[in-house]
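Visitor: predicted model follows, preceded by the sequence.
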Amino acid sequence: MNKNNKIVLISAIIIAGIIVLSQSIYVVNETQQVVITQFGRPIGEAVTEPGLNIKTPFVQKANFFEKRYMEWDGDPNQIPTKEKKFIFVDSYARWHITDPLQFYKRLTNERGAQSRLDDIIDGETRDQVASHSLEEIARNSNREADTTANISEIIEDSLTWIEVGRSRIQNIIKEKANEETKDLGIEIVDFRFKRINYVEEVRERVYDRMKSERIRIADKFRSEGEGEASRINGEKERELNQIQSEAYKEAETIEGKADAEAARIYAGAYNRSSKSIELYSFIKSMETFRNTFDSTTTVILSTDNDLYKYLKSME
């Protein structure tokens with residue numbers, strides 16, 4: 001054998017060795033788990049720990065599966081509730097593989113698991129939605145109306161009392177679905193309603209009913225407000241009349257006292273000497289001038305008038 005043939009042979013052996021080695025060794029990382037199959041049949045236990053592992057080359061195959069939580073996103077479905085109201089329900093879930101060997105035997109791969117979950121979760125969702133009212137599905141707990149006593153009576157009438165609630169229904173769906181998936185090697189760790197809404201045919205009617213309900217509550221508020229305003233205005237008018245009456249009474253009392261004091265002064269003035277009387281008359285006449293005349297007033301007086309006497313004396 002010449003030198004070139006030896007080189008080719010050695011190269012072929014090395015390449016074959018690399019191929020055999022690559023078919024014999026597989027690596028499992030932290031997010032994976034592996035089931036080894038031989039001619040399509042599982043061999044041994046599943047490999048769930050990360051690290052370097054060996055298998056029979058060409059005969060055995062490593063089937064890798066996800067160890068982390070995976071997402072299931074359901075299609076929106078039109079489902080009737082207990083009271084035969086059709087609603088659209090959109091939901092989602094999170095699941096993971098708990099037994100890779102059983103998972104491979106029953107479902108083969110993750111695509112098969114998603115298809116099986118579609119049947120299981122959608123079926124349980126339909127059963128639970130059809131077994132409960134819309135209020136039970138939409139609401140999570142009973143609420144107390146935080147408002148005045150009269151209005152709360154109206155609001156509480158529109159809040160149906162619920163016994164189960166959305167959270168409990170979601171847990172029931174998850175529990176029921178896990179009963180069907182426990183022999184599939186998978187577990188549903190969470191289930192939630194993503195969106196709940198009326199179908200288009202009844203949505204407008206529902207909105208109209210909601211509007212009328214809010215209008216009824218608003219009218220109740222408005223009528224109570226108008227009644228309270230009337231009561232306040234009545235009290236205001238009563239208090240105003242009382243204040244005016246007391247003020248008028250006090251004014252009349254003060255005016256009576258002033259008249260009595262003026263009469264007393266007049267009487268005292270007339271009882272004094274003639275000069276005092278004349279001075280008093282002069283002062284009263286000046287007050288009359290001031291209160292009666294201005295710069296544009298024209299007066300015609302006789303010569304024997306008292307006012308003329310004072311005006312004449314001022315010249």
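Guide: Yep, that arrived. Numbering: from 1, shown residues only.
Visitor: and the helix or strand where D208 lies, what does it pack onto?
Guide: If you go by DSSP states H and E, D208 is part of helix 200-270. Using 3 or more C-beta pairs under 8 Å, 6 or more residues apart in numbering; DSSP states H and E, the elements in contact with helix 200-270 are helix 149-157, helix 274-292. C-beta: built from backbone N, CA, C; applies to glycine.
Visitor: following the shortest one, which helix or strand comes up?
Guide: Right, helix 149-157. Later in the chain than helix 149-157, the nearest helix or strand by DSSP H and E is helix 166-181.
Visitor: what mean pLDDT does that next one get?
Guide: Across helix 166-181, the average pLDDT comes to 94.
Visitor: buried ones in the very next helix or strand once past that helix?
Guide: Sequence order places strand 186-198 as the next helix or strand after helix 166-181, per DSSP H and E. Across strand 186-198, burial judged by 16 or more other C-beta atoms under 10 Å covers I186, E187, I188, F191, F193, I196, Y198.
Visitor: ok, those vs L52, which is closest?
Guide: Using C-beta to C-beta, I186 comes nearest to L52 of those, at 27.2 Å.
Visitor: that closest one and P76, how far apart?
Guide: Distance, I186 to P76, using C-beta to C-beta, to the nearest Å: 23 Å.
Visitor: what about I13, neighbour count?
Guide: 10 (other C-beta atoms under 10 Å).
Visitor: got phi/psi on it?
Guide: Here is the backbone geometry of I13 (degrees, to the nearest 10): phi -70, psi -40.
Visitor: let's see the pLDDT reported for it.
Guide: 73.
Visitor: ditto for S133
Guide: Per-residue confidence at S133 stands at 89 (pLDDT).
Visitor: cool, the one 3 residues further on as well?
Guide: Note for E136: predicted pLDDT of 88.
Visitor: hmm, it is touching G165, no?
Guide: Yes - using C-beta atoms under 8 Å, E136 is in contact with G165, at 6.3 Å.
Visitor: same drill for those two, tell me which one is more crowded.
Guide: A side-by-side neighbour count of E136 and G165, using other C-beta under 10 Å, places E136 first with 21 against 18.
Visitor: SS state for that one?
Guide: At E136 the chain is in helix, as set by DSSP: H, G, I helix; E, B strand; the rest coil.
Visitor: how about the contacts made by it?
Guide: With contact taken as C-beta atoms under 8 Å, 6 or more residues apart in numbering, E136 is in contact with I162, E163, V164, G165, R166, I169.
Visitor: now swap in K194 and tell me
Guide: D90, S91, Y92.
Visitor: now the strands for the stretch 1-150 of the chain?
Guide: Secondary structure of the stretch 1-150 of the chain (DSSP state E, counting those that start in this stretch): strands at 25-28, 32-38, 41-42, 51-54, 60-66, 70-73, 77-80, 86-97.
Visitor: can you redo the ones you listed as CSV with mean neighbour count, distance to R222 and mean pLDDT?
Guide: Listed next are the strands of the stretch 1-150 of the chain as CSV, based on neighbours: other C-beta atoms under 10 Å; distance: least, C-beta to C-beta, whole Å; pLDDT from 0 to 100:
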stretch, mean neighbour count, distance to R222, mean pLDDT
strand 25-28, 15, 71, 90
strand 32-38, 19, 66, 93
strand 41-42, 12, 74, 90
strand 51-54, 10, 75, 87
strand 60-66, 17, 60, 92
strand 70-73, 14, 47, 94
strand 77-80, 14, 38, 89
strand 86-97, 19, 34, 93
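Visitor: out of those, the one nearest R126 is which?
Guide: Smallest distance to R126 across those (C-beta to C-beta): 5.4 Å, for strand 77-80.
Visitor: tell me what the closest one is packed against?
Guide: strand 86-97, helix 110-131.
Visitor: and those as CSV, adding distance to A177?
Guide: Shown next, in CSV, are the helices and strands packed on strand 77-80 (distance: least, C-beta to C-beta, whole Å):
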stretch, distance to A177
strand 86-97, 8
helix 110-131, 5
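Visitor: out of those, flag the one nearest E204.
Guide: Of all these, strand 86-97 comes closest under C-beta to C-beta, at 14.0 Å.
Visitor: given that closest one, what are its sheet partners and their directions?
Guide: strand 70-73 (antiparallel), strand 77-80 (antiparallel), strand 186-198 (antiparallel) (DSSP bridges).
Visitor: can you list these in CSV and add distance to T108?
Guide: CSV is the format used below for the strands paired with strand 86-97 (distance: least, C-beta to C-beta, whole Å):
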stretch, distance to T108
strand 70-73, 15
strand 77-80, 26
strand 186-198, 13
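Visitor: and S11, which of the ones you listed is closest to it?
Guide: Using C-beta to C-beta, those put strand 70-73 closest to S11, at 44.4 Å.
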